[in-house]
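Participant: Generate a structure from the sequence data that follows.
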Amino acid sequence: MSVKLCEKGIIPVLLNFFLICRTCKLNPPPVKKVESKVFKAKQLKLADFLLQDEVFHIARITHETSNSLVHTHDFYELFWIEAGHGFHHINSEKVALKSGDLVMIRPTDVHKFSCRLKNPLVMVNVAFSKKTVAFIRRRYFSDSKLFFWCSEKLPYQVSLSSLKRVWLKDAVETVIQSPKVQLTLEGFLLQLFGQVLQSQDVETPACPDWLAYAASQYNQPKYFAMGVEGFVELAGRCSEHVNRQVRLHFDMTTSQMVNRARMAYAQKQLAMSNQTIMDISLDCGIENLGHFYKLFKRHFAMTPKAYRQNMRGIA
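Facilitator: Sure, this is the predicted structure:
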């Protein structure tokens, strides 16, 4: 190669090389641009999910993979987890979800779900208009920072106790069987807000379903007449196990829990019925009227007679 360069002359070769370089500098070859892929959240519209004359949508949904749609809405929604566990990818954050979690989603929230195939997320979703939420806030929660009016980056989320999950399951069945009109929706939402705001439950979220069921159903005279045995029958477990679990989750004995349920029933009957106090005592499974008076006063700081008079004094 050096011989050829010498024969042609080094200067012409260098000059040609210089011209090629100059041409490339002035007119560089086009560079192929690779645009980064941007995932845009799809906006779901309430009208797409409603049939004629419906004002809200309710459905049970199962997420089995991580391929759910990233989306926002033109409506509000709430959902709660009935079974399974996974993750809520919400506003660039990743939040764990488990059975009993209730979340209230705002229209501007951007979210999707993920879970493992062996443990799918089973949830109930309720969707409704901005107009409904605006009315409820104006009427009941004008200064509230809770629920849909939370101003934090993440939406309002709460873990429901076992008793509240039992209530919610029954409430949903009622809603599903009712017309999807404004009255049904607002009645359900207001009851749900009330349940969440209640601070009476002293159980832990780990309370087993059978115990939550027994606690919610022990409210009738036929069970009161059986005393502790009636509660154990509802629980479907041996009395020793029931006693241990009641102590663990409610911080009281089964006998104390039974008496609390009896007094709650008596309180309602004294205010809402014309039954005699003796009959109410018998319905509570307490034959000794003096013992009934003692228990009632211990719970409400007044006698049954004084309580009834106080409740009816307004009329």
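Participant: Return the backbone torsion pair for Gln275.
Facilitator: phi -60, psi 150 (degrees, to the nearest 10).
Participant: quick one: contacts for it?
Facilitator: If you count contacts by Cβ atoms under 8 Å, 6 or more residues apart in numbering, Gln275 has them with 269, 283. For glycine as for every other residue, the C-beta is placed from the backbone atoms N, C-alpha and C.
Participant: Quickly note the distance from it to Cys284.
Facilitator: As judged by Cβ to Cβ, to the nearest Å, Gln275 and Cys284 stand 11 Å apart.
Participant: how does the protein divide into domains?
Facilitator: Domain segmentation of the chain under automatic domain parsing yields 42-197, 209-312.
Participant: Adding mean pLDDT, write those domains out as a markdown table.
Facilitator: Output for the domains of the chain, formatted as a markdown table (pLDDT from 0 to 100):
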| stretch | mean pLDDT |
| --- | --- |
| domain 42-197 | 89 |
| domain 209-312 | 92 |
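Participant: Would you map the helices across the stretch 201-315 of the chain?
Facilitator: All helices of the stretch 201-315 of the chain, identified by DSSP state H, counting those that start in this stretch, fall at 209-217, 221-224, 228-235, 239-250, 254-272, 277-283, 289-300, 304-312.
Participant: From the contact counts, what lies against the fourth one?
Facilitator: Meaning helix 239-250. helix 209-217, helix 228-235, helix 254-272 (3 or more Cβ pairs under 8 Å, 6 or more residues apart in numbering; DSSP states H and E).
Participant: Can you say which of these is nearest to Leu121?
Facilitator: For those, distance to Leu121 was read as Cβ to Cβ. The smallest value, 18.2 Å, belongs to helix 209-217.
Participant: where along the stretch 51-200 of the chain do the helices fall?
Facilitator: 130-140, 162-176, 182-197.
Participant: Quick check: beta-bridge partners of the closest residue to Glu82 other than its chain neighbours?
Facilitator: Nearest residue to Glu82, sequence neighbours excluded (Cβ to Cβ, 6 or more residues apart in numbering): Val122, at 4.7 Å. Judged by DSSP bridges, the bridge partners of Val122 are Thr62, Ala83.
Participant: quick one on the thing from earlier: out of the helices of the stretch 51-200 of the chain, flag the one nearest Val242.
Facilitator: Across the helices of the stretch 51-200 of the chain, Val242 has its closest neighbour in helix 162-176 (14.7 Å, Cβ to Cβ).
Participant: what inclination does the closest one have with respect to helix 182-197?
Facilitator: 180 degrees (axes from the mean of the first three to the mean of the last three Cα atoms, to 10 degrees).
Participant: circling back to that earlier point, so can I have a markdown table of the helices of the stretch 51-200 of the chain showing mean neighbour count and distance to Lys294?
Facilitator: Listed next are those as a markdown table, based on neighbours: other Cβ atoms under 10 Å; distance: least, Cβ to Cβ, whole Å:
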| stretch | mean neighbour count | distance to Lys294 |
| --- | --- | --- |
| helix 130-140 | 14 | 39 |
| helix 162-176 | 17 | 27 |
| helix 182-197 | 16 | 31 |
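Participant: These into a markdown table, with extra columns for distance to Val103?
Facilitator: Converted to a markdown table, the helices of the stretch 51-200 of the chain look like this (distance: least, Cβ to Cβ, whole Å):
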| stretch | distance to Val103 |
| --- | --- |
| helix 130-140 | 15 |
| helix 162-176 | 13 |
| helix 182-197 | 12 |
